[in-house]
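# Show me the folded form of this:
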Amino acid sequence: MGLEQCLNRCSFEINMKKLLSIVVLIGTLFSSAVYAQTRIALISQVKGASASTDIAIQKYLQSKGYQVEVLDQSVSPNSLKNTDLVIISSTVASKNLQSGWRQLPLPIMTWENDYLDDLAMTGKRINTDFGEVEKERYLWLVNAPHPLSAQLPAGTRNVYKAQAPMSWGKPGLGATIIETIYGQPEKVAIWGYEKGATMDYESLAPAKRLMFFLNNDTFTNLSDDGLKLFDASIQWLTHK
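Okay, here's the model as predicted:
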């Protein structure tokens with residue numbers, strides 16, 4: 001190979017390496033920008049006995065690239081600025097939540113079954129319209145084609161590592177039902193409302209709403225499938 005050919009080849013290889021570095025950098029910046037636009041407010045009882053579980057949720061979501069701020073249950077919904085998603089943990093005491101969450105025009109995710117009626121996501125009768133099962137680890141996935149199913153196949157899904165409490169509710173007619181408590185199809189464990197969908201009392205969802213089956217301390221008990229469903233819920237709620 002002549003000197004000129006060698007120089008041309010070296011120059012080509014250097015330029016290709018530079019181009020590859022630029023492409024990787026652009027991809028990284030784009031990915032970071034997308035996640036930076038997703039800001040989550042996690043409503044918790046910050047001085048409660050189960051606050052550490054909410055911190056674990058915060059750290060998990062941060063590891064996925066989301067910006068997550070843990071706020072006390074006393075926060076006013078009208079004070080939220082630059083927020084893309086609100087998560088209301090079951091660690092809150094629902095009676096201590098400020099008014100206005102039902103009307104909030106932001107997506108809301110919750111597993112506080114005692115607050116579902118306040119959000120107009122279910123009726124008001126405890127153990128009929130909403131409640132909790134004490135020990136369970138399986139759900140029945142009934143809507144596999146939906147994005148909320150995390151591409152899991154229909155049928156029985158093991159969502160906990162060990163038996164633990166699960167929250168459930170009986171949603172309104174406009175709900176998209178994803179999973180029910182195993183063997184109890186009337187008790188829905190995961191469902192969502194699209195913006196404008198009819199919830200309970202003929203209320204229309206001001207933005208997306210989603211019920212997940214967790215309890216105060218069960219996030220760290222989620223199995224691989226359980227985490228996939230959790231991730232799919234966050235993605236569905238934040239997809240515009």
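# Regarding the protein, what is its longest strand?
Counting residues, the longest strand found in the chain (DSSP state E) is strand 184-193.
# isn't Leu80 right up against Val86?
Yes. Using C-beta atoms under 8 Å, Leu80 is in contact with Val86, at 7.0 Å. Bear in mind the C-beta positions are built from the backbone N, C-alpha and C, glycine included.
# which element follows the longest strand of the chain toward the C-terminus?
strand 209-211 (DSSP states H and E).
# Does anything pack onto that next one? Which helices or strands?
strand 108-110, strand 184-193, helix 224-238 (3 or more C-beta pairs under 8 Å, 6 or more residues apart in numbering; DSSP states H and E).
# And the ones you listed: which comes nearest Asn143?
Asn143 sits nearest to strand 184-193 of all the helices and strands packed on strand 209-211, at 9.0 Å, using C-beta to C-beta.
# ranges for the helices of the chain?
Ranges of helices in the chain, per DSSP state H, are 3-36, 51-63, 224-238.
# just flag whichever of the ones you listed has the lowest average confidence.
In terms of average pLDDT, helix 3-36 trails the rest of the helices of the chain, at a mean of 52.
# Pretty sure Leu97 sits against Gln73.
Yes. Contact criterion C-beta under 8 Å: Leu97 and Gln73 qualify, at 5.7 Å.
# what do these two both touch?
Ile43 (C-beta atoms under 8 Å, 6 or more residues apart in numbering).
# still on that earlier bit, can you say which of the helices and strands packed on strand 209-211 is packed in most?
Of the helices and strands packed on strand 209-211, the one with the most neighbours on average (mean count of other C-beta atoms under 10 Å) is strand 108-110, at a mean of 25.
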